[in-house]
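Engineer: Got a sequence here, can you model it:
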Amino acid sequence: MKSLMMQGTRILATGSAVPNSGLSNEQITQLVDTSDEWISTRTGIQERRLLTGSNTSIIDLATLAASKALDKISMSPCQIDLIILATSTPNDLFGSASQVQAKLKALNAVSFDLTAACSGFVLAMITASQFLQSGSYDTVLVIGADVLSKWIDWSDRNTCILFGDAAGAMILQSCLKNNNQILGFQLNTNGDHYSQLCLSYKNNKSKNPVLGIYQGSFNYISMNGKEVYKFAVSQVPLSILKCLNSLNLSVSDISWLLLHQANKRIITAVADKLSISLSKIIINLNKYGNTSAASIPLALDEAISQNKIFNNDILVMSGFGAGLTWGTAVIKWKY
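Structural biologist: This next block holds a predicted model:
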């Protein structure tokens, strides 16, 4: 066991993957009564990617994103000690991380799923950092992946315009504490309002005549858009400020703000509340929509590939969504 006092967390690489099949706003108008202008104005989304085909699944997307991250640093999958898959749409309700482990051939890795919807990647990244800082593991692969297209009612225009499929990955490794990149975090849950955004279980109408139990299935995604908006715009800035204050940092120290890519109105409203210039916002939901746990690592990987992020930049990441859950992580970027 390594000394906790000497351990930090560094980010080695990122990767991402999206399906080839796209769905534009114009195509959605063939499904529900809406328009490209209506969707773009209210959400900022112009297109999203959907996982199609009977032989492809979230496992394929997650594995591809992870493989891209590994390739960037020429790392063997066998060097990974732990895989955390943040997803709310697993290929198997018993968990999908083990299938990713097998497909990657990460033979030495323990693996498990973490379910926290749109906050999932931030929670998984912080969970990984705790394992690293305690000295339990040396190298952790964190993946955020969701295929919400499988759980959308495509006749409900309140939800079908929003969501897309994607995966994003990050490889984290333990390091000396003075090289630590994850400076701090702040996490919250309010289960009293879970019903504002949920994918709930439902009983079948008839019960087993012998056992007297109801067997069931799951509903489509249900969302109260106005309440989710109010929740995000009120709570996310508070989380960010609390996290910054704990580190003796101010809003002016932020180089980049990377919020969960839920809705452009939410992103700009949070930025306004914090008095952060829109030039400091990382945003790509216009191309991908709301990809749940994949949205933050997908946007981060894209920003890195576009050479937007520089050494010693301060990144503030915040995820928020179903649960209701929300969380912030402050990162000092290092190359």
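Engineer: Spell out the residue ranges of the helices in the chain.
Structural biologist: For the chain, the helices defined by DSSP state H occupy 25-28, 36-43, 58-72, 97-104, 120-133, 157-160, 225-246, 264-274, 285-288, 295-305.
Engineer: And these: which comes nearest Q173?
Structural biologist: Smallest distance to Q173 across the helices of the chain (Cβ to Cβ): 7.0 Å, for helix 120-133. (Each C-beta comes from the backbone N, C-alpha and C, glycine too.)
Engineer: and the closest one, average pLDDT?
Structural biologist: Averaging pLDDT along helix 120-133 yields 97.
Engineer: Can you mark which positions in that helix are buried?
Structural biologist: Buried residues in helix 120-133, counting neighbours by 16 or more other Cβ atoms under 10 Å, are found at 120-129, 131-133.
Engineer: cool, and stretch 327-335?
Structural biologist: Neighbour-count burial for stretch 327-335 flags G327, T328, A329, V330, I331, K332, W333 (criterion: 16+ other Cβ under 10 Å).
Engineer: which other residues reach that stretch?
Structural biologist: 10-11, 119, 122-123, 125-126, 179-188, 236, 239-240, 242-244, 247, 249, 255, 309-320 (Cβ atoms under 8 Å, 6 or more residues apart in numbering).
Engineer: give me that answer again for 7 Å
Structural biologist: Residues outside stretch 327-335 that contact it (Cβ atoms under 7 Å, 6 or more residues apart in numbering) are 10, 119, 122-123, 125-126, 179, 181-188, 239-240, 243-244, 247, 249, 309, 311-319.
Engineer: I83 - how many residues pack around it?
Structural biologist: By the criterion of other Cβ atoms under 10 Å, I83 has 26 neighbours.
Engineer: Not counting its neighbours along the chain, what's nearest it?
Structural biologist: Among residues not flanking I83 along the chain, S111 sits closest, at 4.0 Å (Cβ to Cβ, 6 or more residues apart in numbering).
Engineer: shouldn't the one you found be in contact with Q99?
Structural biologist: No: using Cβ atoms under 7 Å, S111 is not in contact with Q99; the gap is 8.7 Å.
Engineer: For Q261, what are phi and psi?
Structural biologist: Note on Q261: its backbone torsions stand at phi -80, psi 70 [degrees, to the nearest 10].
Engineer: show me what contacts it?
Structural biologist: Contacts of Q261 by Cβ under 7 Å, 6+ apart are I283, N284, L285, N290, T291, S295, A299.
Engineer: For the fourth one, give me its contacts.
Structural biologist: Applying Cβ under 7 Å, 6+ apart to N290 gives the contacts L162, F163, G164, Q261, A262.
Engineer: wait, doesn't K287 sit right on E47?
Structural biologist: Yes: counting by Cβ under 7 Å, E47 is a contact partner of K287 at 5.7 Å.
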